[in-house]
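Asks: Let me see the structure of the following:
(chains A and B)
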Amino acid sequence: MGMIYLMLIVSLCIAAFFLMFFLWATKNGQFDDDYTPSVRMLFEDEPKLKDE
Amino acid sequence: MGNCYHCGDVLPTPSILLDQKEFCCQGCANVYSLLNSNSLKDFYQFEKTPGTKPNKGRIDKFQFLDIPEIRARFVQYEDEKITRVKLSLPSIHCSSCIFLLENLTKINEHVLTSQVHFAKKEATIVFDRNCMKLSEIADLLQFIGYEPDFGRKVEVKGVKKTFLLKIGLAGFAFGSIMLWSAPDYVGITLDNLSFRNFTAYLSFIVSLPVFLYSASEYYVSAYKAIRSKSINLDVPITMGILALYAQSTYQIFNQQGPGYMDSFAGFIFFLLIGKWFQNRTYQSLSFDRDYSSYFPVAIHRFTTYGTEIIPIEQLKQGDHIQIRNEEIIPCDSYLISEEAQIDFSFVTGESALVTKKKGDLIYAGGKLIGLSIELAVKSETNRSHLTQLWNETKNKKESNKLVRYQDRISRFFLIILIIVALLSGIAWAFIDPTKIMTVIVSILIVACPCALALSSPFTLGNTLSVLGKNGLYLKNTTVVEALSEITTIVFDKTGTLTDPMSHKVHFSDVQMSDELWNILKALSSHSTHPLSQLIHKQLTDKNQKIKLNHFIEHKGKGIEARFNGHHYQLGSSTFVGNEVPIIENGTVFFTQDGEIQQKIHVQSSFRASVTSVLSQLTDKKIFVLSGDDSTDLPELIALGFKSDHCFFRQEPKDKADFIASRQKLGEKVLMLGDGLNDVGAMGTANVGIALSEDMFRFTPSSDAILDAKHFHLLASFFHVSSYAKIVLQICLGFSITYNLIGLSFAISATLAPIVAAILMPISSITVVFLSSSLIHFKYWRGIE
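Replies: Numbering: from 1, shown residues only, chains lettered A, B, ... in the order given. Below you'll find the predicted structure:
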């Protein structure tokens, strides 16, 4: 039975870790703009076009 | 006929040729050659005709940006070398825009980096402050077609971030509590009380931040609603949340079981996701540049040496200021010039111009139409005063519109809920008085309208994005509802039924003197009337820099001005004083001292899709209100309009009155106009749609903007909105069914935590799935 208490605490800690990670990412601006980076990536990948 | 290589507009004749590519105006060609010479040709690779026609502005237009106080508003960071600014660029619209703006440094080496935020239409630009002024950045951006909007508030910081934090917390609590409640639900731990208590206390701790932080906005909203004696959906939601939390806490601390903490956290999680989705739809469709984008930031003040530019906050009583054509008057002041024409439509909603004489008091918020004037400041001002002025009109209009469907339902819902709770309480008083509290609390818990709250944002939000993909941009979700109830459609003729892109302008006297041509061009540039703009467009090679005096625009009639002692008029035949009115539609006269110098015939052609649109709208009453003469009537009848439903020579006020009279008959009226001359009518109508050739123009009183390329879809928009309403009703039906099932458990005092834990997420997920799939599956190929 003791095991289950341990597992419970461990699972909570893992969840809490991911929560902290999420909070950090949010504060850091990772979710601010979800469109521009996807387009920006394409520009750098097509340097040949520029030479034409 | 081709399209401009840069902006995609239909080419005029003659067009401008450069590099074997055709351009509609010198502005577009300039941008092309600038990009070309900086090896930014890629701009034209990502999208077809991605450009925005650059706006010709006054040369000193952005001078005010170099005033330290104003400059400081946009500067984010500055050291002795560089400056970082964040600017709002409303015309960002495609991936090519991102490409161009992020490569600004290739056009001007003093721009060090620039980064675009597409969804917010903002760019963060870092430049060398020793080599470049902020006003030069603005000039550069305007030159390539991205005029910065300095009135707009740049960034409301943190709102979105705290929202994500709230969702994250709720999701974390939901998942964790579910995990350790599972054994309890299947009965494993019933014989092990200490484990059950341990998890129960843990649930309490984990859900505390959800209760205090994540759900806080519902308490605030419900409190505000109750205080203003109106009921919104947040009131029953808050009741449910409080009941749920109180009951669970009570159970946990009396060691009666784990309570409903998992349902509670899940509940908040789903509600917040619904709200997040709603905000997201708004953000991606937001055309609603609010009124503040029209605010003047700085003003010209007369000094003993000339004029200087100062921020409007620094105006003092008694200052003499200069206001120029199309500028907003920032403060209550007295007129010093002889006469002025002021448009108060933002403040009063009336579109007719008001004439003020020397010495008159002019209130803040009006827009000057005509030649620049001098004013003496009566009272100092600030931006918030103007905001307030304009918002009052705006709110007045909003409150006249429909009360939201959802709010009507929630009122009804709350009454039923209280009655059911009371009745069951009374019933249980006879059966088993100890269970009265349990029953009442469970009723409040299960009746909590989570699914109900989700159905509206998801259904209408998805509808908004479907419509947006097809060229109709709604201001908010209430418009979907209003659109589905429309019985009558009123069309404006010029610019709406006719296609301004396919006009042909004929001049009767090509041999006119150059001076007259130039005057004609200057005169036509001052009017927003479609005919006048067409004439102006035709005169590309003429010089416009002529200072006209006593300029007056008579809306819907014509314009007049004085120059070198002569009196010039441009307008309809009655306006220029022809004794025998020549009723030939689209004919404009240009006179010098009453002598006709030029007869300009603008041949209008109707949009190709008018007939097919009409044939699809047989269930609606159709009217045409035109400011012009009735010469087009035969053509209108041929297109399928009823002759007694077409009205001509309508002043802007007549149009608004006509719409009001139809509304008195119980009809719901849609006004479709070009947005500039129909402000009053669109404000009166239940739904006002501005048809726009150029999506970046914005009109304050319209509820929606329709991209003129998608005019042929008009009838389909009604189908979509009606369908959305049906979907909404289906979703409401589902969520109410779930509530009824829950209620039956609650009333019989058998609401176990597991029932709540299953019922609640299932109802929310069904509703979200139904509303999204029903709408997207039907319209994913387009809406025709």
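Asks: pLDDT weak spots in chain A?
Replies: Scanning chain A for pLDDT under 70 picks out the ranges A:1, A:44-52.
Asks: Apply 80 and report the result again.
Replies: Counting by pLDDT under 80, the ranges of chain A that qualify are A:1-2, A:32-35, A:39-52.
Asks: in it, which spans are helices?
Replies: A:2-27, A:36-44, A:47-51 (DSSP state H).
Asks: mind putting the ones you listed in TSV, mean neighbour count and distance to residue B:576 included?
Replies: Using the backbone N, CA and C atoms, a C-beta is placed for each residue, glycine as well. Shown next, in TSV, are those (neighbours: other Cβ atoms under 10 Å in any protein chain shown; distance: least, Cβ to Cβ, whole Å):
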stretch	mean neighbour count	distance to residue B:576
helix A:2-27	13	65
helix A:36-44	14	53
helix A:47-51	9	56
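Asks: Need those in JSON lines (columns: distance to residue B:409).
Replies: Below are these laid out as JSON lines (distance: least, Cβ to Cβ, whole Å):
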{"stretch": "helix A:2-27", "distance to residue B:409": "34"}
{"stretch": "helix A:36-44", "distance to residue B:409": "39"}
{"stretch": "helix A:47-51", "distance to residue B:409": "54"}
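Asks: For residue B:638, which of these is the nearest?
Replies: helix A:36-44 (47.1 Å; Cβ to Cβ).
Asks: returning to what we had before: same list, the helices of chain A, but as CSV with distance to chain B please.
Replies: CSV is the format used below for the helices of chain A (distance: least, Cβ to the nearest Cβ, whole Å):
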stretch, distance to chain B
helix A:2-27, 4
helix A:36-44, 4
helix A:47-51, 5
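Asks: closest to residue B:355 out of the ones you listed?
Replies: Of these, nearest to residue B:355 by Cβ to Cβ is helix A:36-44, at 48.5 Å.
Asks: so what does that closest one touch, helix or strand wise?
Replies: Under the contact definition 3 or more Cβ pairs under 8 Å, 6 or more residues apart in numbering or on different chains; DSSP states H and E, helix A:36-44 sits against helix B:95-102, strand B:111-117.
Asks: hmm, try it at 7 Å
Replies: Applying 3 or more Cβ pairs under 7 Å, 6 or more residues apart in numbering or on different chains; DSSP states H and E, one finds that helix A:36-44 contacts helix B:95-102.
Asks: Can the helix it packs on be said to contact chain A?
Replies: Yes. Helix B:95-102 is in contact with chain A by Cβ under 7 Å from any Cβ of the partner chain, via B:95, B:98, B:99, B:102.
Asks: chain center to stretch A:6-19: distance?
Replies: 18 Å (Cα atoms, centre = their mean, to the nearest Å).
Asks: ok, so of the residues of helix B:95-102 next to chain A, who is nearest residue B:344?
Replies: Nearest to residue B:344 among the residues of helix B:95-102 next to chain A is residue B:98, at 39.4 Å by Cβ to Cβ.
Asks: Excluding chain neighbours, what is closest to the residue in the stretch 401-550 of chain B positioned nearest to chain A?
Replies: Closest approach between the stretch 401-550 of chain B and chain A, counting by Cβ to the nearest Cβ: residue B:465, at 14.0 Å. Excluding its sequence neighbours, the residue lying closest to residue B:465 (Cβ to Cβ, 6 or more residues apart in numbering or on different chains) is residue B:281, at 5.8 Å.
Asks: in a helix, that's where the one you found is, yeah?
Replies: Yes. According to DSSP: H, G, I helix; E, B strand; the rest coil, residue B:281 belongs to a helix.
Asks: Look at it and report its pLDDT.
Replies: Confidence at residue B:281, expressed as pLDDT, is 70.
Asks: what's the answer for residue B:265, then?
Replies: Per-residue pLDDT puts residue B:265 at 91.
Asks: Helix, strand or coil: sort out it for me.
Replies: Following three-state DSSP, we place residue B:265 in the helix state.
Asks: count of residues packed around it?
Replies: 28 (other Cβ atoms under 10 Å in any protein chain shown).
Asks: is it true that it touches residue B:207?
Replies: Yes. In this structure, residue B:265 is within contact of residue B:207 by Cβ atoms under 7 Å, at 5.3 Å.
Asks: Residues that sit against both of these two, list them.
Replies: Shared contacts of residue B:265 and residue B:207 (Cβ atoms under 7 Å, 6 or more residues apart in numbering or on different chains): B:173, B:177.
Asks: which ones are touching the residue nearest to residue B:465?
Replies: B:461, B:464, B:465.
Asks: can you rerun that using 10 Å?
Replies: Contact partners of residue B:281, counting by Cβ atoms under 10 Å, 6 or more residues apart in numbering or on different chains, are B:457, B:458, B:460, B:461, B:462, B:463, B:464, B:465, B:468, B:477.
Asks: quick one: which of the residues you listed sit in helices?
Replies: Per DSSP H, these map to helices at B:457, B:458, B:460, B:461, B:462, B:463, B:464, B:465, B:468.
Asks: Ignoring the adjacent residues along the chain, who's closest to the second one?
Replies: Read it as residue B:458. residue B:771 (4.2 Å).
Asks: again with the third one
Replies: Distance criterion Cβ to Cβ, 6+ apart; nearest residue to residue B:460, sequence neighbours excluded, is residue B:477 at 3.7 Å.
Asks: if I look at the one you found, how far off is residue B:783?
Replies: Using Cβ to Cβ, to the nearest Å, we find residue B:477 at a distance of 17 Å from residue B:783.
Asks: can you list the domains in chain B?
Replies: Chain B breaks down by automatic domain parsing into domains covering B:63-143, B:157-280, B:296-382, B:467-500+B:607-722, B:504-603.
Asks: For the most centrally placed residue in chain A, which non-adjacent residue is closest in space?
Replies: Centroid-nearest residue in chain A, with Cα atoms, centre = their mean: residue A:25, separated by 6.3 Å. Spatial nearest neighbour of residue A:25, chain neighbours left out: residue A:31 (7.0 Å); criterion: Cβ to Cβ, 6+ apart.
Asks: what sits against the one you found?
Replies: So, once contact is read as Cβ under 10 Å, 6+ apart, residue A:31 ends up touching A:22, A:25, B:160, B:161, B:164.
Asks: Which strand residues bridge the closest residue to residue B:492 other than its chain neighbours?
Replies: Excluding the flanking residues, the one nearest residue B:492 by Cβ to Cβ, 6+ apart is residue B:673, at 3.9 Å. Following DSSP bridges, residue B:673 is listed with bridge partners residue B:690.
Asks: What about residue B:660, how many residues nearby?
Replies: 13.
Asks: mind checking pLDDT for it?
Replies: 88.
Asks: That one contacts residue B:684, correct?
Replies: Yes. Under the criterion of Cβ atoms under 10 Å, residue B:660 makes contact with residue B:684 at 5.5 Å.
Asks: got any residues that touch both of those two?
Replies: Common contacts of residue B:660 and residue B:684 (Cβ under 10 Å, 6+ apart): residue B:669.
Asks: Which stretches in the stretch 601-750 of chain B count as strands?
Replies: Taking DSSP state E, counting those that start in this stretch as the test, the strands found in the stretch 601-750 of chain B are B:621-625, B:646-647, B:669-673, B:687-692, B:704-707.
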